[in-house]
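1. Sequence and predicted model, in that order:
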Amino acid sequence: APYEVILHEGVHQLVHFYTRHFSKGGVISTTQWFQEGLGTYFEGFRRAEDGRILIDPGVNRGRLHAVQSALVGPDPVYTPLAALTGMTIDGFWEWFREQREVDEILATRKAQTFYGESWALIYFLRNAGEKYRHAFEAYFRLELFGKGGKESLEKVLHDHLQCGIEELEEEFISYLETLR
């Protein structure tokens, strides 16, 4: 398998392992954006001069392009953060199966954009500034303890950033427009 896939799936395994550990075998997160956002964030790599593979979670140009195109394209497929952050893993796959029955190409494009937006939200929260990173870390802890979800994210945004999901979205989109 390509290194991107190995790294992406490895992140899922690590998050699952630590969530099981910290939640004492309890609830495992089913938050699609967070799970896939982390997977896509850490799928980036580069080779060292000696041939070693080094994880390099910089700007994922493919994912960024998908999101930027979704925002301005002639056929916008951008998913607002309120919907993106409310999607469960099972809900996403149910939606995808239903969409593929209607239009497989559009469903695939929307799914790729969903993964891109998930990457972009993780990237934004980790890289747009210290206040966002603190909010990300607070939410990550909730995910690890099996307490993630849209309501938990909204509480973290309120407590750490004094904003709601709509205000965050404005800042998020502005930030994405600065990336190349």
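-> The structure has been received and is ready for your questions.
2. And the helices in this protein, which stretches?
-> Under the criterion DSSP state H, the chain contains helices at 3-22, 32-41, 61-72, 81-84, 89-102, 104-127, 130-144, 150-156, 165-178.
3. Let's test this: mean pLDDT of the first one, rounded?
-> Yep, that's helix 3-22 we're talking about. On average, the pLDDT along helix 3-22 is 88.
4. for it, packing partners?
-> helix 32-41, strand 45-47, helix 130-144 (3 or more CB pairs under 8 Å, 6 or more residues apart in numbering; DSSP states H and E). Every C-beta, even on glycine, is put in place using the N, C-alpha and C of the backbone.
5. I'd like to know which of these lies nearest to residue 17.
-> helix 130-144 (10.3 Å; CB to CB).
6. Which positions in the closest one come out as buried?
-> For helix 130-144, a neighbour-count test (16 or more other CB atoms under 10 Å) marks 132, 135-136, 138-140, 142-144 as buried.
7. now these as TSV including pLDDT and distance to residue 35?
-> Formatted as TSV, these follow (pLDDT from 0 to 100; distance: CB to CB, whole Å):
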residue	pLDDT	distance to residue 35
132	97	19
135	98	18
136	97	14
138	97	18
139	97	13
140	94	12
142	93	14
143	90	9
144	88	12
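8. Using a markdown table, lay out these together with distance to residue 79.
-> Below are the buried residues of helix 130-144 laid out as a markdown table (distance: CB to CB, whole Å):
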| residue | distance to residue 79 |
| --- | --- |
| 132 | 20 |
| 135 | 20 |
| 136 | 19 |
| 138 | 23 |
| 139 | 19 |
| 140 | 21 |
| 142 | 22 |
| 143 | 20 |
| 144 | 25 |
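9. Phi first, then psi, for residue 23.
-> phi -90, psi 10 (degrees, to the nearest 10).
10. so how far is residue 30 from it?
-> Distance of residue 23 to residue 30, computed by CB to CB, to the nearest Å: 12 Å.
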